[in-house]
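Participant: coordinates only, sequence not included:
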């Protein structure tokens, strides 16, 4: 379903204002007879002529303009106007993504139900240090089941720092993304320690339920 994220918002708004629903699609949100859009800034960044020109008509690029041709119209935008349109649309997308993130974190939903991109960002923020940065996470299937691979830039020469932050990272990773059989950390950095560490997922889960993770955090 296209525009699923905005359909419920539009429907609730129109019901609240006593308006009729004109179909829950983007075309129905645009009201040329009113000279405006019903969805606020989120739909002001939607230009149906640009969309239709890309999808069905043609686009012509020149040194000082962009032409979008539809069946009955030709819309001309300057490079500045096109950049502004794209920039406004990016702002709306970022705002919508932030709103969903806040909603999910405030809803009390189990961490295991959060989208992977969300818990990855939370994991990055929770364990970040001047010498410790998570660069990526990948899910793998191994003989023992599933494994979460965590790739870390560990720009430190201290074995104690690396050992503590590796354990800290594994504990937080199991909290945010439980259910993996193993949590594998790969440590790479130019001039820092390099190596790997493996943590048993079932044991991390047992220790978390027993409250052991809180003792780790109090030691920081």
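Facilitator: Sure, I can see it. Owing to the predicted nature of the structure, the values given are computational and were not obtained by experimental measurement.
Participant: Any idea which helix or strand in this structure has the lowest mean pLDDT?
Facilitator: Least confident helix or strand, the chain: strand 36-37 with a mean of 43, by mean pLDDT, DSSP states H and E.
Participant: got the contact list for stretch 56-68?
Facilitator: For stretch 56-68, contacts defined as C-beta atoms under 8 Å, 6 or more residues apart in numbering pick out 49-50, 52-54, 69-71, 74-79, 82. Where you see a C-beta, it was placed from the backbone N, CA and C, and this is true even at glycine.
Participant: let's see 7 Å
Facilitator: 49-50, 53, 69-71, 74-79, 82 (C-beta atoms under 7 Å, 6 or more residues apart in numbering).
Participant: just stretch 191-199 next, same as before
Facilitator: 154-157, 159, 162, 166, 170, 182-188.
Participant: Quick one: end-to-end distance for it.
Facilitator: End-to-end span of stretch 191-199 (C-alpha to C-alpha, to the nearest Å): 25 Å.
Participant: what's the average pLDDT for that stretch?
Facilitator: Mean pLDDT, stretch 191-199: 87.
Participant: May I see the buried residues of it?
Facilitator: Buried residues in stretch 191-199, counted by 16 or more other C-beta atoms under 10 Å: 192-193, 197, 199.
Participant: Now tabulate those in JSON lines and tack on distance to residue 150.
Facilitator: Shown next, in JSON lines, are the buried residues of stretch 191-199 (distance: C-beta to C-beta, whole Å):
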{"residue": "192", "distance to residue 150": "16"}
{"residue": "193", "distance to residue 150": "15"}
{"residue": "197", "distance to residue 150": "9"}
{"residue": "199", "distance to residue 150": "10"}
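Participant: Okay, residue 180 and residue 55: tell me how far apart.
Facilitator: According to C-beta to C-beta, to the nearest Å, residue 180 stands 41 Å off from residue 55.
Participant: how many neighbours does the nearest residue to residue 78 once chain neighbours are set aside have?
Facilitator: Spatially, and ignoring its direct neighbours in sequence, residue 78 is nearest to residue 65 (5.8 Å; C-beta to C-beta, 6 or more residues apart in numbering). Counted by other C-beta atoms under 10 Å, the residues lying close to residue 65 total 13.
Participant: For residue 154, give me its contacts.
Facilitator: Here residue 154 is in contact with 131-132, 162, 187, 189, 192-193 (criterion: C-beta under 7 Å, 6+ apart).
Participant: If we only consider these, which is nearest to residue 142?
Facilitator: Of all these, the one with the least separation from residue 142 (C-beta to C-beta) is residue 187, at 19.2 Å.
Participant: So which residues of this structure form helices?
Facilitator: Along the chain, counting by DSSP state H, helices occupy 4-16, 26-29, 41-44, 48-55, 79-106, 116-127, 159-176, 201-209, 212-218.
Participant: Export these as a markdown table, with columns for mean neighbour count and distance to residue 142.
Facilitator: Listed next are the helices of the chain as a markdown table, based on neighbours: other C-beta atoms under 10 Å; distance: least, C-beta to C-beta, whole Å:
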| stretch | mean neighbour count | distance to residue 142 |
| --- | --- | --- |
| helix 4-16 | 14 | 35 |
| helix 26-29 | 16 | 44 |
| helix 41-44 | 17 | 43 |
| helix 48-55 | 16 | 44 |
| helix 79-106 | 13 | 29 |
| helix 116-127 | 16 | 19 |
| helix 159-176 | 19 | 16 |
| helix 201-209 | 15 | 11 |
| helix 212-218 | 12 | 24 |
